[in-house]
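K.L.:
Sharing a model prediction with you, sequence too.
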Amino acid sequence: MSRGYTQEDLANRAELSLSLIKKAERGGTLRLETYHRIARALGVRTSALLEESGPPHARRRADDQDRLDLVPLRRAIAPPETPSGRLLWQDDSAPEVQRLRTTASALNSAYHANDYGRVAELLPPLLLSAHLAVAHFSGTGEAADALRIRADLLTQAGRFLTQLRSFDLAHMALREALRDARTAGTPLLGGAATYIQGWALIREGRLDEAEALTSQAAEEIEPRISRASRDELAVWGRLWDKAAAAAARNNRPNEAREMLRLTRSAGAAVGERGGGERYATGKLTAASVLFATAEAAAVAEHPKRVLLLSERITRTGQAPTSNMLNRHLLDVAHSHMMLRERREAEGILSGLAKQAPDWLRHQQMAAETFADVLASSGRLTSRQRELAAFFDTP
């Protein structure tokens, strides 16, 4: 790993402790951000280090697996079927497609409201109903519509499971979503599923694959800007946004900047009205490009730039989705810690714990930032004790 540097030299260049460098060279697992810092010091891709050391460490709370019962969702994503293709529990009643579509929209709203218990409750019966609809309308004029609904629901399932770090099941759902989208001839649904795949790959530390997948998908669906709908521009722009996120983490800042330029073009074209809110990519607006730019600055460890961009975001008063704003606030908290502004970081984490507890519990970055807060503190305050209980910190 050292590429000709002594361990001490590499620790100095990366601004890391010698113990972390030794741990990395022994094959120990570290944060993705730590691998990225070493890669910058060596002038190599982050993925090259991950290939040597294995995937980055993902801190999990002891009860993450049991907090939400995923067995019904697993059964709904991959339902048992007979050799003839008939679902084990299939009946011959006619599904109500419009009602299914309406409930799928409510599911999307529950996700963005961070109501994960409600999402876990709604997804299994919705997916089972979608399977029935596809089987019932096969060979009819409504077959494509049923496939589109199932593709959207499977993509929403993949998004939810990626949030919970249940990656294998997420990839299974997304693969089926892509198949339905292709069969139904809906490239935007396919683009949305690919966007979520890219996010899952980033969270797994599979950065080369994430960048290649999302950039190729963006090229495949590239619209003619003068004629494209706002949804087409939004999905295309969000794919470049995700490709930029992968490139930035993979120590490819020049490529990330070029990809963000394309996202910026899409954002300018859709304007403040935005587009893409019907898709799992989430809404893209002109203002949302600021969030992507701030994320790239956070990955590059430019905390002052993150805080300047955050001020601009605050002035716009616009956030396409609550998750996007929450994720940005984590970058802001981390930036404050890099600048040794512990109280500011702690205040942001405390606010998120009150506003979006279900979401925050599944954010590894939040737990790591709070660990940094504790490491720089003396005697625990009452707020720190509350956060320690929230993050299940020993």
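P.N.:
The structure has been received and is ready for your questions. Everything quoted here is computed from the prediction, not taken from an experiment.
K.L.:
can you give me the offset of stretch 16-36 from its chain's centre?
P.N.:
Distance of stretch 16-36 from its chain centroid, counting by CA atoms, centre = their mean, to the nearest Å, is 24 Å.
K.L.:
Quick check: end-to-end length of it?
P.N.:
12 Å (CA to CA, to the nearest Å).
K.L.:
Quick check: buried residues in it?
P.N.:
By neighbour count with 16 or more other CB atoms under 10 Å, stretch 16-36 contains the buried residues 16, 20-21, 23-24, 29-36. For the C-beta atoms, the positions are set from N, CA and C on the backbone; glycine is no exception.
K.L.:
Next, format those as JSON lines and append pLDDT.
P.N.:
As requested, these are exported to JSON lines (pLDDT from 0 to 100):
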{"residue": "16", "pLDDT": "83"}
{"residue": "20", "pLDDT": "81"}
{"residue": "21", "pLDDT": "82"}
{"residue": "23", "pLDDT": "77"}
{"residue": "24", "pLDDT": "77"}
{"residue": "29", "pLDDT": "65"}
{"residue": "30", "pLDDT": "75"}
{"residue": "31", "pLDDT": "75"}
{"residue": "32", "pLDDT": "78"}
{"residue": "33", "pLDDT": "79"}
{"residue": "34", "pLDDT": "83"}
{"residue": "35", "pLDDT": "82"}
{"residue": "36", "pLDDT": "83"}
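K.L.:
in the stretch 51-200 of the chain, which spans are helices?
P.N.:
Taking DSSP state H, counting those that start in this stretch to define them, one finds helices in the stretch 51-200 of the chain at 64-67, 71-77, 97-112, 116-137, 143-163, 167-184, 187-204.
K.L.:
Can you tell me which of these is nearest to residue 331?
P.N.:
Distance to residue 331, taken as CB to CB, is lowest for helix 187-204 among these, at 14.5 Å.
K.L.:
Determine the set of other helices and strands touching that closest one.
P.N.:
For helix 187-204, the packing partners by 3 or more CB pairs under 8 Å, 6 or more residues apart in numbering; DSSP states H and E come out as helix 143-163, helix 167-184, helix 207-220, helix 230-249.
K.L.:
Which of these has the highest mean neighbour count?
P.N.:
The highest average neighbour count among the helices and strands packed on helix 187-204, using mean count of other CB atoms under 10 Å, belongs to helix 230-249 at a mean of 27.
K.L.:
Run through the neighbouring helices and strands of that helix.
P.N.:
Against helix 230-249 (3+ CB pairs under 8 Å, 6+ apart) you get helix 187-204, helix 207-220, helix 253-270, helix 288-299.
K.L.:
what about the protein, any weak spots by pLDDT?
P.N.:
Applying pLDDT under 70 to the chain flags the ranges 1-3, 27-29, 52-68, 89-94, 394.
K.L.:
Would you agree residue 386 is in contact with residue 350?
P.N.:
Yes. Assessed by CB atoms under 8 Å, residue 386 is found in contact with residue 350 at 7.4 Å.
K.L.:
Compare these two (neighbour count), which wins?
P.N.:
More neighbours surround residue 350 than the other of residue 386 and residue 350, with 17 against 14 (other CB atoms under 10 Å).
K.L.:
how close does that one sit to residue 370?
P.N.:
The spacing between residue 350 and residue 370, counted by CB to CB, to the nearest Å, is 10 Å.
K.L.:
Residue 204 - nearest residue in space that isn't next to it in sequence?
P.N.:
Sequence neighbours aside, residue 167 is the residue nearest to residue 204 in space, at 5.6 Å (criterion: CB to CB, 6 or more residues apart in numbering).
K.L.:
Quick check, the one you found in contact with residue 203.
P.N.:
Yes. Using CB under 8 Å, residue 167 is in contact with residue 203, at 7.2 Å.
K.L.:
want to try JSON lines for the helices and strands packed on helix 230-249, with distance to residue 329 as columns?
P.N.:
As requested, those are exported to JSON lines (distance: least, CB to CB, whole Å):
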{"stretch": "helix 187-204", "distance to residue 329": "18"}
{"stretch": "helix 207-220", "distance to residue 329": "23"}
{"stretch": "helix 253-270", "distance to residue 329": "20"}
{"stretch": "helix 288-299", "distance to residue 329": "10"}
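K.L.:
and the helices and strands packed on helix 187-204 as TSV, adding distance to residue 134?
P.N.:
Formatted as TSV, these follow (distance: least, CB to CB, whole Å):
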stretch	distance to residue 134
helix 143-163	5
helix 167-184	8
helix 207-220	24
helix 230-249	23
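K.L.:
coming back round to it: touching both of residue 350 and residue 370, which residues are there?
P.N.:
Residues touching both residue 350 and residue 370 by CB atoms under 8 Å, 6 or more residues apart in numbering: residue 387.
K.L.:
From residue 258, how far off is the nearest residue to residue 178 once chain neighbours are set aside?
P.N.:
Among residues not flanking residue 178 along the chain, residue 193 sits closest, at 4.9 Å (CB to CB, 6+ apart). Separation of residue 193 from residue 258 (CB to CB): 24 Å.
K.L.:
what's the answer for residue 171, then?
P.N.:
Taking CB to CB, one finds residue 171 at 28 Å from residue 258.
K.L.:
Can you tell me the centre-most residue of the protein?
P.N.:
Against the mean C-alpha coordinate of the chain, by CA atoms, centre = their mean, the closest residue is residue 199 at 4.3 Å.
K.L.:
who touches the nearest residue to that one once chain neighbours are set aside in this structure?
P.N.:
Using CB to CB, 6+ apart and skipping residues adjacent in sequence, the residue nearest residue 199 is residue 162, 5.7 Å away. Going by CB under 8 Å, 6+ apart, residue 162 touches 170, 196, 199, 200, 203.
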